[in-house]
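Novice: Following is a predicted model, sequence given first.
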Amino acid sequence: MNHSISLTVNGARRDFVLDDPRVTLLDLLRERLHLTGTKKGCDRGQCGACTILVDGKRINSCLALAISHDGAEILTIEGVARGDQLHPVQAAFIAHDGFQCGFCTPGQIMSAIGMMQEAQAGNDPERVRECMSGNLCRCGAYAGIVDAVLEAQAGMDESNQRRSA
């Protein structure tokens with residue numbers, strides 16, 4: 001039995017027919033849409049390489065059934081930049097060497113963006129480490145990751161203050 005779902009992926013509405021209700025968001029993104037920035041790491045929800053935003057919240061896409069998210073707004077790493085303009089978190093990762101091999105970087109960036117949108121980051125390095133603990137980096141770039149998140153959060157705070165003034 002086929003199941004039809006609609007998702008808005010990186011701002012574009014997409015309709016899908018699923019022949020198997022067990023298709024994960026990760027597999028749908030990678031295999032049907034060829035959005036391979038979202039990585040398949042452990043496929044068990046333990047590493048965070050598959051982190052995406054669904055309706056503004058961070059999830060491990062390897063654990064999320066696509067059929068359960070019919071109508072959802074999906075943001076992947078491919079939808080974060082605006083043309084050649086990097087998202088502030090992406091720019092901060094580059095500035096602070098928040099990556100080495102790059103495998104975990106898309107999930108780290110998506111988690112950082114989600115954490116900031118959820119107002120979880122603040123300016124406390126320990127809080128950032130705790131909130132990012134579901135995203136593993138095998139290369140040990142954690143210091144750069146935390147510095148990048150703190151810089152991006154500070155920039156977002158400044159921007160919000162200017163808008164409210």
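Specialist: Noted; the coordinates are in hand.
Novice: Quick one: the strands in the chain, in order.
Specialist: All strands of the chain, identified by DSSP state E, fall at 3-9, 12-18, 51-54, 57-60, 73-75.
Novice: Not counting sequence-adjacent ones, nearest residue to the residue nearest to the spatial centre of the chain?
Specialist: Centroid-nearest residue in the chain, with C-alpha atoms, centre = their mean: residue 110, separated by 2.2 Å. In space, residue 110 comes closest to residue 51 once its chain neighbours are excluded; the distance is 4.5 Å by C-beta to C-beta, 6 or more residues apart in numbering. (Each C-beta comes from the backbone N, C-alpha and C, glycine too.)
Novice: related to what we said a few turns ago, pretty sure the residue nearest to the centre of the chain sits against residue 59.
Specialist: No. With contact defined as C-beta atoms under 8 Å, residue 110 does not reach residue 59; the gap is 9.5 Å.
Novice: and for those two, which residues touch both?
Specialist: Common contact partners of residue 110 and residue 59 (C-beta atoms under 8 Å, 6 or more residues apart in numbering): 51, 52, 53.
Novice: Scan those and report the most crowded one.
Specialist: Most neighbours among those, by other C-beta atoms under 10 Å: residue 51, with 30 neighbours.
Novice: pLDDT at that one, what is it?
Specialist: As predicted, residue 51 sits at a pLDDT of 98.
Novice: and it, what does it touch?
Specialist: Taking C-beta under 8 Å, 6+ apart, we find residue 51 in contact with 38, 58-61, 106-108, 110-111, 114, 134-135.
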